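Student: Fold the stuff below for me.
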Amino acid sequence: MLRSVFAKTLRDYGRGLLWWGSGIALLVVSILAFYPSFRDLTMINEYIQAAPEALLRAFIGDVGEMTSPRGYLTTELFFFVTPLLLLIFTIGFGSAAVAGEEERGTLDLLLAHPLPRWRLVLEKFAALLVMTLALVLVLWLALLIGAPMVDMEIGSDRLTAMGVSNFLLALAFGALALAVGCASGRRGLSAGASSAVAVATYLINAFAPSVEWLEPYRVLSPFYYYIGGDPLANGLNLGHAAVLLGLTVVLLTLTLFTFERRDVAV
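Tutor: Numbering: from 1, shown residues only. All right, here's what the predicted structure looks like:
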């Protein structure tokens, strides 16, 4: 008898989650390992200052001195790499959570039990939340343990702020994928649409500081609320965090509303 969709989902994804966590930890270790040799290359800062500003903002952000702990971690990890990895995971899971079950023909088995649709969605989302949190904790612990080993002076509060921002951004896009999947019943459409939104909003945030007509639209990008306040330098911006959290809540509410009223393919 099906007792918990949440527990079953975590069990089904447990091995994959272990590989994801191991990969993230290995990535962090490898990036930190290069920092001591990179830190002394002061000429890098000169090259950065001479490069086109628009290109820099698009691919590495506003980092100041690239050889500083903040500049190095922002450039090598937080501006592009960790959002990309976490969004691949959350969009992939969110797309498959319900739409994947429907396409495989297993959704009818779930709904044949005394399981309300709203509970199915909430338990799938809870599994997404827990797994995303687990990956971010691996990222945070790897940095917290590894940074002192390479004499990188970065406060634990700043790493925590960056971890929270990563978590909220990834969760928001996971909720978007879940919403599209529950509304359409199509896993491919959900993954494609969510990925397209991620790419478009990333580019808006990246190019808005250098493209005048894009600047007013920057506030529409979740990536602006992820890194626009520079959590690694200034700590967590509670207003930006609230926007990402609010976006997730709105998307989850829409998911519950649409899935309750849609005819599913069983």
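
Student: Okay, now the unreliable bits of the stretch 151-266 of the chain?
Tutor: 265-266 (pLDDT under 70).

Student: What of the stretch 1-150 of the chain?
Tutor: 1-3, 41-65, 112.

Student: who's in contact with R261?
Tutor: Listed by C-beta atoms under 8 Å, 6 or more residues apart in numbering, R261 has no contact partners. Every residue, glycine included, has its C-beta placed from N, CA and C.

Student: From T255, how far off is it?
Tutor: Between R261 and T255 the computed distance is 11 Å (C-beta to C-beta, to the nearest Å).

Student: Run through the helices of the stretch 101-250 of the chain in chain order.
Tutor: Along the stretch 101-250 of the chain, the segments classed as helices by DSSP state H, counting those that start in this stretch run 107-111, 117-149, 156-184, 187-207, 222-227, 231-234, 238-261.

Student: so what secondary structure elements neighbour the shortest one?
Tutor: Using 3 or more C-beta pairs under 8 Å, 6 or more residues apart in numbering; DSSP states H and E as the contact criterion, the elements in contact with helix 231-234 are helix 69-73, helix 156-184.

Student: In PDB, list the C-alpha atoms belonging to that helix.
Tutor: Output of helix 231-234 as PDB, limited to C-alpha atoms (Å, rounded to 0.1, in the frame of the first residue of the first chain):
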ATOM      1  CA  PRO A 231      25.300  38.100  -1.300                       C
ATOM      2  CA  LEU A 232      28.900  37.000  -1.200                       C
ATOM      3  CA  ALA A 233      30.000  40.600  -0.400                       C
ATOM      4  CA  ASN A 234      26.900  42.100   1.300                       C
END
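
Student: Report the buried residues of that helix.
Tutor: Residues of helix 231-234 classed as buried: 231-233 (neighbour count, 16 or more other C-beta atoms under 10 Å).

Student: tell me the centre residue of the chain?
Tutor: For the chain, A170 is the residue whose C-alpha lies nearest the centre (C-alpha atoms, centre = their mean; 2.3 Å).

Student: Just give me how far the strand or helix carrying R15 sits from the chain centre.
Tutor: Assessed by DSSP states H and E, R15 sits inside helix 5-33. In terms of C-alpha atoms, centre = their mean, to the nearest Å, the centre of helix 5-33 is set 14 Å apart from its chain centre.

Student: And for stretch 169-183?
Tutor: 11 Å.

Student: Pull the contacting residues for the closest residue to T9 other than its chain neighbours.
Tutor: Nearest-residue entry for T9: A127, 3.9 Å, with adjacent residues in sequence omitted and distances by C-beta to C-beta, 6 or more residues apart in numbering. The contact partners of A127, by C-beta under 8 Å, 6+ apart, come to 5-6, 9-10, 13, 93, 97.

Student: before we move on, the earlier item: elements contacting the helix holding R15?
Tutor: helix 81-97, helix 117-149.

Student: Show me which positions of it end up buried.
Tutor: Within helix 5-33, the residues that count as buried by 16+ other C-beta under 10 Å are 5-6, 9-10, 13, 17, 20-21, 24-25, 27-28, 31-32.

Student: Which helix or strand lies directly C-terminal to that helix?
Tutor: Following helix 5-33 in sequence, per DSSP H and E, is helix 35-39.

Student: who touches that following helix?
Tutor: Residues contacting helix 35-39 (C-beta under 8 Å, 6+ apart): 44, 67, 69, 72, 150-152.

Student: May I see these organised as a markdown table, with neighbour count and distance to S194 added?
Tutor: Listed next are the contacts of helix 35-39 as a markdown table, based on neighbours: other C-beta atoms under 10 Å; distance: C-beta to C-beta, whole Å:
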| residue | neighbour count | distance to S194 |
| --- | --- | --- |
| I44 | 17 | 35 |
| T67 | 19 | 36 |
| P69 | 19 | 33 |
| Y72 | 22 | 30 |
| V150 | 17 | 36 |
| D151 | 10 | 40 |
| M152 | 18 | 34 |
